[in-house]
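*Asks:* Predicted model and sequence follow; I will ask about them next.
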Amino acid sequence: MEPFPLIEFKNVTKRFDGRTVLDNVNLRIYEGQITTIIGLSGAGKSVLLKHIIGLIQPDEGTVCLRGKPLSGVRKKEIADTVKQMSYMFQGNALFDSMTVYENIALPLQETTDLSREEIDRRVRTRIEQTELGDSADKFPSELSGGMQKRAALARALVTDPRIVLFDEPTSGQDPVRKNAILSMIAQYQRRFGFTAILVSHEIPDVYFISNRILALYDRTIVFQGAPEDLEKFDHPFMDEVIHSLEGLQEELTGLHSRRQFKVLYQSQMKRKALDQFYVLVVFTLEGLDAIASGMGHEAAQEAIRCMGLAIEKHFGPIGGVSTRLGINEFITMLPYSDMAEAEAILNNFAADIQREDIVNILNGARRRGGEGQCVEIGIKAGLAQGRPTVEVGPVMNAAVEQQKEIARLRCIPDW
């Protein structure tokens, strides 16, 4: 049974100066999830967000909160609900004349009666959690773009909101920082249980952290569902926007996108005789939370990037086709190998990765400010053999069941 929606749009239409921006929009957002609204730049995603927070009213249709139309809710009840929301603006909206500390403290000072001591405690907690300790007394103009994003995120979370709206939180960032910001959002969402609503025109950034995706196209919602179902969506939207899915693997890990992987997999299967075998290898990188906590979210994303590069380095030259299954999971198809050859390649991979690659990332991150943290992570891998006549799903599941640890990497602060 589908849960009751926290927020629902029913036939919402919005116009500005006679131009229709939202046209008969219907959508549902559920409590405790990360929902991302995707679409091209200028599609109306930010306008949609502002309807949720009450900054804009629809010309037609209804916006409901917990089943109640906002138009029929008493002003005090709406005000109480808005107090439970927080908004992270696309341009950060930090005040240049205030320090990072003062920017983060501002929502508590303006909307609560907390004591100065309690405000200080909450602000310093958020500063520590978002790795801004060395920047608390700096002004926004003295920070890099990535650090400004962290400050804006800390300010959005300082009031302990139940709903947080993020307007293009990763815009203007490089691939590692984009995913570091999203990693922080996902981590805090899991820790505090708030409902996160993001808008983005960069699908790869949000693909791995979202529970649910809404696609805004031609002024209306044309898709809403799980990220994996988006790949099966047959609509002109896919031709115009979904190509950006190719970007995440190329920029962050160097691997194929999931869509590319499926196309290449199907192509390879058509070439093989029905009695020929292929091998799937499923990898899991364990300990990303430890890296993020001890060394920072950017170090965790660098570890993911290096894992992808290492897989391609060892398996690509022999015809391996690889992609990223999840935040810390990867899969490689070896179309021309048997189990014995695949195991030999995997053993070489395990030996090499303990000498370089991710170990270098851990050491480098430690030197950049790990502050004595000793991080230990593991790499698991499993092999399974398949035939063209067998669906890939069961073969993949068999590889997951066969996973065992092939390497344990440790950063010891000796320098």
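*Replies:* All right, it came through fine. Numbers count the residues shown, from 1 in each chain.
*Asks:* for the protein, what helix or strand is lowest in average pLDDT?
*Replies:* In the chain, the helix or strand scored least confidently by mean pLDDT, DSSP states H and E is helix 245-248, which has a mean of 46.
*Asks:* Tell me the pLDDT of the residue nearest to residue 376 when sequence neighbours are not counted.
*Replies:* Nearest residue to residue 376 in three dimensions, chain neighbours excluded: residue 410, at 4.6 Å (C-beta to C-beta, 6 or more residues apart in numbering). Where you see a C-beta, it was placed from the backbone N, CA and C, and this is true even at glycine. At residue 410, the predicted lDDT confidence score is 73.
*Asks:* Pretty sure residue 410 sits against residue 378.
*Replies:* No: contact criterion C-beta atoms under 8 Å: residue 410 and residue 378 do not qualify, at 9.8 Å.
*Asks:* Run the chain-centre distance for stretch 387-407.
*Replies:* Centroid separation between stretch 387-407 and its chain, computed with C-alpha atoms, centre = their mean, to the nearest Å, is 25 Å.
*Asks:* any idea of the mean pLDDT for it?
*Replies:* Stretch 387-407 comes out at a mean pLDDT of 87.
*Asks:* ranges for the strands of the stretch 151-300 of the chain?
*Replies:* Using DSSP state E, counting those that start in this stretch, the strands of the stretch 151-300 of the chain run over 163-167, 195-200, 212-217, 220-225, 278-286.
*Asks:* can you put the ones you listed in TSV and add mean pLDDT, mean neighbour count and distance to residue 388?
*Replies:* Shown next, in TSV, are the strands of the stretch 151-300 of the chain (pLDDT from 0 to 100; neighbours: other C-beta atoms under 10 Å; distance: least, C-beta to C-beta, whole Å):
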stretch	mean pLDDT	mean neighbour count	distance to residue 388
strand 163-167	89	23	43
strand 195-200	90	24	37
strand 212-217	90	22	32
strand 220-225	90	17	30
strand 278-286	93	22	8
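*Asks:* quick one, which of these is nearest to residue 18?
*Replies:* Across these, residue 18 has its closest neighbour in strand 220-225 (18.0 Å, C-beta to C-beta).
*Asks:* Output the closest one as PDB, nothing but the C-alphas.
*Replies:* Taking C-alpha atoms only, strand 220-225 is exported to PDB below (Å, rounded to 0.1, in the frame of the first residue of the first chain):
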ATOM      1  CA  THR A 220       4.500  19.400 -16.300                       C
ATOM      2  CA  ILE A 221       5.600  16.300 -14.400                       C
ATOM      3  CA  VAL A 222       6.000  13.400 -16.900                       C
ATOM      4  CA  PHE A 223       7.700  10.900 -14.600                       C
ATOM      5  CA  GLN A 224       7.700  10.100 -10.900                       C
ATOM      6  CA  GLY A 225       9.200   7.000  -9.400                       C
END
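*Asks:* so what does it touch, helix or strand wise?
*Replies:* Packing partners of strand 220-225 (3 or more C-beta pairs under 8 Å, 6 or more residues apart in numbering; DSSP states H and E): strand 19-29, strand 212-217.
*Asks:* quick one on the thing from earlier: ok, the residue nearest to residue 376 to residue 294 distance?
*Replies:* Using C-beta to C-beta, to the nearest Å, one obtains 12 Å as the distance from residue 410 to residue 294.
*Asks:* Same drill for those two, tell me which one is more crowded.
*Replies:* Under the criterion of other C-beta atoms under 10 Å, the comparison of residue 410 against residue 294 puts residue 294 first, with 21 against 13.
*Asks:* domain assignment for the protein?
*Replies:* Listed domain ranges for the chain are 7-242, 254-410 (source: automatic domain parsing).
*Asks:* roughly how far is the last one from the heart of the chain?
*Replies:* On the basis of C-alpha atoms, centre = their mean, domain 254-410 is displaced by 19 Å from the centre of the chain it belongs to.
*Asks:* Please apply the same query to stretch 167-186.
*Replies:* 8 Å.
*Asks:* Now do stretch 130-142, average pLDDT.
*Replies:* pLDDT averaged over stretch 130-142 gives 87.
*Asks:* And that stretch, what's buried?
*Replies:* 130, 131, 132, 135, 136, 139, 140 (16 or more other C-beta atoms under 10 Å).
*Asks:* Spit out the contact partners of the closest residue to the fourth one other than its chain neighbours.
*Replies:* I take that to be residue 135. Closest residue to residue 135 apart from its sequence neighbours, by C-beta to C-beta, 6+ apart: residue 100 at 5.2 Å. Taking C-beta atoms under 8 Å, 6 or more residues apart in numbering as the criterion, residue 100 is in contact with 94, 127, 132, 135, 136, 137, 138, 139, 140, 143, 151, 154.
*Asks:* now swap in residue 34 and tell me
*Replies:* 185, 186, 189, 196, 198, 209, 210, 211, 212.
*Asks:* what about residue 318, how many neighbours?
*Replies:* Residue 318: 13 surrounding residues under other C-beta under 10 Å.
*Asks:* Quick check: it touching residue 335?
*Replies:* No: Residue 318 is beyond contact range of residue 335, at 9.7 Å (criterion: C-beta under 8 Å).
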